[in-house]
Structure formats: structure tokens, C-alpha cells
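Asker: Got a predicted structure here, sequence first:
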Amino acid sequence: MAAPEAAAAAAPGLLGVLWLVSVTVSAGPWGAEAAAAGGDETDKCEDLRVGQYFCKDPEINEATQEPVNCTNYTAHASCYPAPNITCKDFSGNETHFTGNEVGFFKTIPCRNVNGYSYRVAVALSLFLGWLGADRFYLGYPALGLLKFCTVGFCGIGSLIDFILISMQIVGPSDGTSYIIDYYGTRLTRLSITNETFRKTQKYP
């Protein structure tokens, strides 16, 4: 009878040891790593929501009226996360921002220009279009000579060219864009491709 009683008395002590071992293991390095792996990862600064950052206007080249760092039709503007925001900056470093540090660079579109002024082209088309000056200026000498010899196709060609140039449909012959004030009126061409999202039309 002594052996069963001794085993029954030792059972609570054994359970206590097992509980202590389990708690120690869960709180050890393995448990810490598991907790860290399950924690939230710091977001990138590019993923901040509107209102959590502000971007400075790009520096504009006075001659081209395009951003100074324009390359391959893209430029970059410096963006600053708001104070007390923590995110990963453009270098991948987790940073607690105070509002004065650059968090990321926002890509903005820009255009390729080659010295052709929109104002000059419109003025030439309006006042000297019947002599073909607008076409000569834009790099179309054959059409310019033809307009000169026909007095702007009896005025009809001059009127059509003035409309086309004013609407920025006809541009420089080298494929570049007009020099237009960066914050001025610009034509944005919209096109539909196979990658364009099409919303399903719902009819009553």
C-alpha cells in the first residue's frame, strides 16, 4: 500500500515540473522568435495613405518647362512622411520620421522637348500661316513651301493648320512635344488598349 500512496503523492509534483518546463520553453528564444514572426511588419513609406505624407513640387527648368531630373519621360518628386510616422524609407531602413526627412520619391510624368515653343507656333500659324511659316518652324519644309506657293491653300489650309496646331494635334516633326508652361494648359491624350479597365455597363 505504501508504493501506490507514494506515487499518488508524487503526481502533483511531477505535473508542476512539466508545467514549469513548458512555460520556460514558450518564453525562451524559440517563443520570442515565433512572436516576432507573427508580429506586424513595418510598411514601406510608398504605401502610406493620403494625408500621411506630402510631396514637394518638382524643380522646373525655365528653358524646357519640365522637371530638372526628367529622364525617359519620368521624373521624381521628394515626399516627406508626416511627423511620428514610422515606415521603411527608399533605402529600406525603418525610420521614425519628424516631417523633415525624405521617405520616398514619387514618380511623375514629364515630356521630351526640343526647343519648339507652343506660343511661337500658334502665333506663326495665326499671322504668317498663309506663308507656311508655321510648317517651316515645326520642321515640315515641303508643306511650308506648298503653302507659300498656294497662299495657304487659298486660306483654307491656313485655317486648318491653325486649328490643328492650337489643339496640339500637329506637333514638331521630330516627335517631341511643345514647350508649354508646366502649370499651363496642356493636352492629355487618352487612349484605350487591351489593358484598359472597362466597367460593365448596367442597363435598367
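Answerer: Looks like it arrived, so ask away. Numbers count the residues shown, from 1 in each chain.
Asker: Give the buried residues for the helix or strand harbouring R119.
Answerer: For R119, the host element (DSSP states H and E) is helix 118-128. Within helix 118-128, the residues that qualify as buried are Y118, V120, A121, V122, L124, S125, L128, counting by 16 or more other C-beta atoms under 10 Å. Yep, even glycine has a C-beta here, placed from its N, CA and C like the rest.
Asker: got it, and stretch 169-181?
Answerer: So for stretch 169-181, counting by 16+ other C-beta under 10 Å, buried means V170, G171, P172, S177, Y178, I179, I180.
Asker: Which SSE is immediately downstream of the worst-scoring helix or strand of the chain on mean pLDDT?
Answerer: Among the helices and strands of the chain, helix 29-38 carries the lowest confidence by mean pLDDT, DSSP states H and E, at a mean of 42. Moving toward the C-terminus from helix 29-38, the next helix or strand (DSSP H and E) is strand 53-55.
Asker: what packs against that following strand?
Answerer: Judged by 3 or more C-beta pairs under 8 Å, 6 or more residues apart in numbering; DSSP states H and E, strand 53-55 is in contact with strand 74-81.
Asker: can you list the residues that contact the strand it packs on?
Answerer: 45, 48, 52-58, 66-69, 87, 97, 99-110 (C-beta atoms under 8 Å, 6 or more residues apart in numbering).
Asker: In strands, which of the residues you listed appear?
Answerer: Judged by DSSP state E, these include Y53, F54, C55, C87, F104, F105, K106, T107, I108, P109 as members of strands.
Asker: From those, keep the buried residues only.
Answerer: So, of those, Y53, C55, C87, F104, F105 end up buried under the neighbour-count rule (16+ other C-beta under 10 Å).
Asker: separation between the third one and N93?
Answerer: I take that to be C87. Separation of C87 from N93 (C-beta to C-beta, to the nearest Å) stands at 10 Å.
Asker: Do you know the pLDDT at T24?
Answerer: Note for T24: predicted pLDDT of 45.
Asker: Next: F197.
Answerer: 70.
Asker: Can you give me the neighbour number for it?
Answerer: 5 (other C-beta atoms under 10 Å).
Asker: do the same with P67
Answerer: For P67, using other C-beta under 10 Å, the count is 21.
Asker: Isn't it up against I60?
Answerer: Yes. When contacts are counted by C-beta atoms under 8 Å, P67 is listed as touching I60 (6.4 Å).
Asker: list the residues that contact both of these two?
Answerer: Joint contacts of P67 and I60 (C-beta under 8 Å, 6+ apart) are Y182.
Asker: In terms of residue numbering, what are the domains of this protein?
Answerer: 45-112, 115-179 (the TED database).
Asker: now, of these, which is deepest in the fold?
Answerer: domain 115-179 (a mean of 17; mean count of other C-beta atoms under 10 Å).
Asker: which other helices and strands contact the helix holding R119?
Answerer: helix 133-138, helix 156-166, strand 177-179.
Asker: List the contacts of C110.
Answerer: Counted by C-beta under 8 Å, 6+ apart, C110 has contacts E66, P67, C70, Y73, T74, A75.
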